[in-house]
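> just to be clear, the model below is a prediction. Sequence and coordinates:
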Amino acid sequence: MKAYVGLGSNLGDREAMIRIALDDLARIPGTKVLRASSLYDTEPVGEEEQPHFLNAVAEIDTELTARQLLWNMLLIEKRLGRVRTHRYGPRTIDLDLLTYGHLVLDEPDLQVPHPEMVKRSFVLVPLLEIDPLATHPVTGEPLVALLEKISTRPPTRRGSRLWN
């Protein structure tokens, strides 16, 4: 199943954390990282008194269910020092399951597609970099049209190329 994973970090060596998380995603059994976007420097959302984030999106192919994939992503976060003290707080790594094929799930601990995805330029910009024709799994609307509807707060600035 094709899925998109959002990656973000604003503590420590942000780029190294995202690269390690990508490598760890590729090591999940039955999962392959197909592509990853450039890195994007963004201001924090919610709690604004914290360091800027680096964000990226990866396209993966997996044989796992959405729940199995999420479980593995949470293990990667834990291994990389993620401590969940409060929502929108600083973090060494943040992995979000953005989409999982055309699956739609709304459970207390797993919502697919990610409910905040269409409100966040730091998700849509890197996702559209790797898949310019991507559409929303529920509405079928092109993500580029959804990006045009939101303000670019926080600003999303392209940084270094993550993969060549």
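Structure's in. What do you need?
> which sections of this structure are below the confidence cut-off?
Scanning the chain with the threshold set as pLDDT under 70 gives 46-48, 85-89, 151-164.
> strands of the protein, residue ranges please.
Across the chain, reading from the start of the chain, the strands by DSSP state E fall at 2-9, 31-36, 40-42, 53-62, 94-100, 105-107, 110-112, 156-158.
> please identify the buried residues of the first one?
Of all the residues in strand 2-9, those buried under the rule 16 or more other CB atoms under 10 Å are Ala3, Tyr4, Val5, Gly6, Leu7, Gly8, Ser9. Heads up, the C-betas are built off the backbone N, CA and C, glycines and all.
> would TSV of those with distance to Arg84 be doable?
Listed next are those as TSV, based on distance: CB to CB, whole Å:
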residue	distance to Arg84
Ala3	22
Tyr4	22
Val5	18
Gly6	16
Leu7	17
Gly8	14
Ser9	15
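> next, the distance between the ends of stretch 130-137.
End-to-end distance of stretch 130-137 (CA to CA, to the nearest Å): 17 Å.
> which ones are touching Glu129?
The contact partners of Glu129, taken as CB atoms under 8 Å, 6 or more residues apart in numbering, are Ser37, Ser38, Val57.
> looking at those, state which has the most neighbours.
Neighbour counts for the contacts of Glu129 peak at Val57, which has 29 neighbours (criterion: other CB atoms under 10 Å).
> can you tell me how far it is from Ala36?
When CB to CB, to the nearest Å is applied, the distance between Val57 and Ala36 equals 7 Å.
> same question, Val45
Relative to Ala36, and taking CB to CB, Val45 is found at 21 Å.
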